[in-house]
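Asker: The following block contains a protein sequence and its predicted model.
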Amino acid sequence: MKNIAIIGTGYVGLVTGVCLSEIGHHVTCVDIDQAKIETLQQGISPIYEPGLEELTKDNVQRGRLHFTTSYHQAFAEAEVIFIAVGTPQNPDGSANLTYVQQVSEQIGRHLTRRDTVIVTKSTVPVGTNRKVRDWIISQAPVDTRIHTVSNPEFLREGSAVQDTFQGDRIVIGTDSPFASILMEEVYSPFGLPIFSTDIESAELIKYASNAFLATKISFINEIANLCEKLGANVEDVAAGMGMDTRIGSQFLRAGIGYGGSCFPKDTKALVQLAGDVQHNFDLLESVIRVNHEQQRKLFTKAMEVLGSLQGKRIAMLGLAFKPNTDDMREAASLILIEELQKAGADIIAYDPIAMKKAQAILGDTIEYSQSVTECIQNADAAMIVTEWEDIKNTPLSTYVEQMKTPVILDGRNCYTIEEAAGYPVSYYSIGRPSSTT
Ligand code: UDX
C-alpha cells in the first residue's frame, strides 16, 4: 500500500482521497481552507455525496485517512502526490491554471524524496502536465526526479463514490516507466480496466469524453425540438435510436440542457484549446449554442402559454442542476429565474437538498417553500426543473388541487403523456405532444 498526498479537498480531491484510503492506501489530504480541514478531521463531509461521509468517518477512525493544512506534513512521506485543485473558467472560456501553478511550486519547495510521482486529476488543457513538471522543478532541489502522470477523473456528482469503485476505466497517461508501475499498484485494488497512454492523449480523453456526452445531449434536445414541430415523441425516437448498440441508449434524455461543474466549462475550454492551435471546432460551438437555448426553453414555453408573465406566480420545482446533488453551478434554474424575473414573474421555489446553496446565491429575491405541495399552492404555472424523486412522484391530482391554474411545464418529462391526459391539467413537456384542458 502506498503513501499518497492529495492537494485540494473539493469534489474530485475528496472523493479520490477517501476512496483510495478505503482500498487500503495511507492518504493525507491537504487544503488551505482551515475550516474545511477541521470539519473533515471530524469525519464530516462538506459536500453532499451519497456514501462519502460514512467512508470518510470510517477511514479517519482506522487511521488511514488524514486531513491537514500543512504541505510539509502532507508531503513528508508521500510517494505519489495528486493535484486536484480547481481549474475555474477564465472570461474567454479557457481554463485558469493559477491554482495548479501555485500548488506545483509548493510541491517543489516541500519535496524530500528523490523520485516523486505527480498525478494531475484536475481537468487541465493539453500540455499542462509538462508545465506542472517545469513549475515543480523550478522550486525543487537539483537532484529531484519528477514523474508526471495525467489521470483524469470521470466522476458524476451524486454517484461519485459508486463511480470510483465501478467506473468504466482508469486512464493513466505518462512517459515514465517508474510512474506507470507505481500507478498500477495504486489503482489495481479497484479491479477496473486501466488504459495506459501518453500524457497528451490522456489529457485530451477527458475533454473529448465530456464534449461527446454534451454533444449527445444537445443532439437529442434538437431532435426533441423537431419532434414538437413534427408531432413525434422524443422518448420513442431516443429509445428506437438507443437500441442500435453503435449509438447506445445512455445520455439521450431530452430536457432543459446540461449544467453542472463540468460540461459547460469543459466544452468551452475545448473550443478555446482548439482555437489556440488554429482549429475551428464548429461542431462543439453548435453544441454549446443549442444548450444555451435549451436552458431557456421553459421560459419560452411559459411566454407562449401564459402570454404576459407580469405578476404571475411561478412555482419552480427543483433548483440543483440535476438530482442527488446540492450543486447549483450552471443550473438551468438560475437562468430561468433571471428570465422570469425580467418578465415580471414572482417565483416560489422548492428543492429537497439545494435550497441552502440556492439561498446563498439568490437571497430573498425569490420565495422558498418546504414541499412540492406548498410550492405549487396558488401558482399560475409550475416548472419542473430537476427530476428529484419527490418531485417525480407528486401525483398530478396535487397540481389540480393546489394550483390557481394547473399549467405544468415539465422540463424533465417526469409524467407520461397518457397520465397527463387523464387529469384536467395543461401539460407541456420536452419533445412530446402537449395535453391541454
Ligand atoms: C459529468 C460527467 O458525466 C462526468 O463523467 C464528468 O467527470 C463530470 O461531468 P456530472 O456533471 O456530475 O458529470 O453530471 P451528469 O450526470 O453527467 O449530467 C450532466 C448534465 O447533463 C445534467 O445537467 C443532466 O441533467 C444533463 N443530462 C444528462 C441530460 O440533460 N440528458 C441526459 O441524457 C444526461
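Answerer: Cool, the structure landed.
Asker: Sort out which residues of the longest helix along the chain are buried, please.
Answerer: Ranked by residue count under DSSP state H, the longest helix found in the chain is helix 199-230. Within helix 199-230, the residues scored as buried using 16 or more other C-beta atoms under 10 Å are 199-200, 202-207, 209-211, 213-225, 227-228. All C-beta spots, glycine's among them, are computed from the backbone N, C-alpha and C.
Asker: Check which helices and strands that helix is in contact with.
Answerer: Packing partners of helix 199-230 (3 or more C-beta pairs under 8 Å, 6 or more residues apart in numbering; DSSP states H and E): helix 128-139, strand 145-150, strand 170-173, helix 234-242, helix 263-276, helix 282-294.
Asker: wait, does the shortest one contact the ligand?
Answerer: No. For strand 170-173 and the ligand, the contact criterion (C-beta under 6 Å from any ligand atom) is not met; the two come no nearer than 11.5 Å.
Asker: Mind listing residues that contact that strand?
Answerer: Defining contact as C-beta atoms under 8 Å, 6 or more residues apart in numbering, one finds that strand 170-173 is touched by 129, 149-152, 180, 183-184, 187, 190, 192-203, 205-206.
Asker: Quick check: next helix or strand after that strand?
Answerer: Once the chain leaves strand 170-173, the next helix or strand it forms, by DSSP states H and E, is helix 177-187.
Asker: Quick one: distance of that next one to the chain centre.
Answerer: Mean-position distance between helix 177-187 and its chain equals 28 Å (C-alpha atoms, centre = their mean, to the nearest Å).
Asker: For it, give me every contacting residue.
Answerer: Contacts for helix 177-187 (C-beta under 8 Å, 6+ apart): 2, 4, 20, 25, 79-80, 115, 117, 119, 147-149, 151, 170, 172, 174, 194, 196.
Asker: Compute the inter-axis angle for that helix and strand 145-150.
Answerer: Per axes from the mean of the first three to the mean of the last three C-alpha atoms, to 10 degrees, the angle that helix 177-187 makes with strand 145-150 is 60 degrees.
Asker: List the strands paired with the next helix or strand after helix 177-187, with their directions.
Answerer: Going down the chain from helix 177-187, the next helix or strand is strand 194-197, by DSSP H and E. Strand 194-197 has its sheet partners listed here by DSSP bridges as strand 170-173 (parallel).
Asker: and the partner strand, average pLDDT?
Answerer: Mean per-residue pLDDT for strand 170-173: 97.
Asker: do the same with stretch 364-380
Answerer: If you average the pLDDT values across stretch 364-380, you get 97.
Asker: cool, stretch 244-262 as well?
Answerer: Rounded mean pLDDT across stretch 244-262 is 96.
Asker: Same question for stretch 275-284.
Answerer: So the average pLDDT for stretch 275-284 ends up being 96.
Asker: can you list contacts of that stretch?
Answerer: When contacts are defined by C-beta under 8 Å, 6+ apart, stretch 275-284 is touched by residues 211, 214-215, 267, 270-271, 274.
Asker: of those residues, list those near the ligand.
Answerer: Applying C-beta under 6 Å from any ligand atom to the contacts of stretch 275-284, none is adjacent to the ligand.
Asker: Which of those residues lies at the shortest distance from the ligand?
Answerer: Ala214 (7.6 Å; C-beta to the nearest ligand atom).
Asker: how about the residues of the protein near the ligand?
Answerer: Counting by C-beta under 6 Å from any ligand atom, the residues of the chain near the ligand are 153-157, 210, 213, 217, 251-253, 255, 258-260, 262-263, 321-322.
Asker: Which members of these are classed as buried?
Answerer: For the residues of the chain next to the ligand, buried by 16+ other C-beta under 10 Å: 153-155, 157, 210, 213, 217, 251-253, 255, 258-260, 262-263, 321-322.
Asker: Which of those residues fall within helices?
Answerer: Per DSSP H, those map to helices at 210, 213, 217, 263.
Asker: And the furthest pair within those residues?
Answerer: Asn210 and Ile217 (10.7 Å; C-beta to C-beta).
Asker: gap between stretch 10-26 and the chain center?
Answerer: That offset, for stretch 10-26, works out to 18 Å (C-alpha atoms, centre = their mean).
Asker: cool, and stretch 20-39?
Answerer: 21 Å.
Asker: Stretch 395-412 too?
Answerer: 29 Å.
Asker: quick one: terminal-to-terminal distance for it?
Answerer: 15 Å (C-alpha to C-alpha, to the nearest Å).
Asker: Can you verify Val103 is assigned to a helix?
Answerer: Yes. Counting by DSSP: H, G, I helix; E, B strand; the rest coil, Val103 is located in a helix.
Asker: Can you check the pLDDT for it?
Answerer: The model's pLDDT for Val103 equals 95.
Asker: Settle this for me: it is touching Ile7, isn't it.
Answerer: Yes. Between Val103 and Ile7 there is a contact at 4.9 Å, judged by C-beta atoms under 8 Å.
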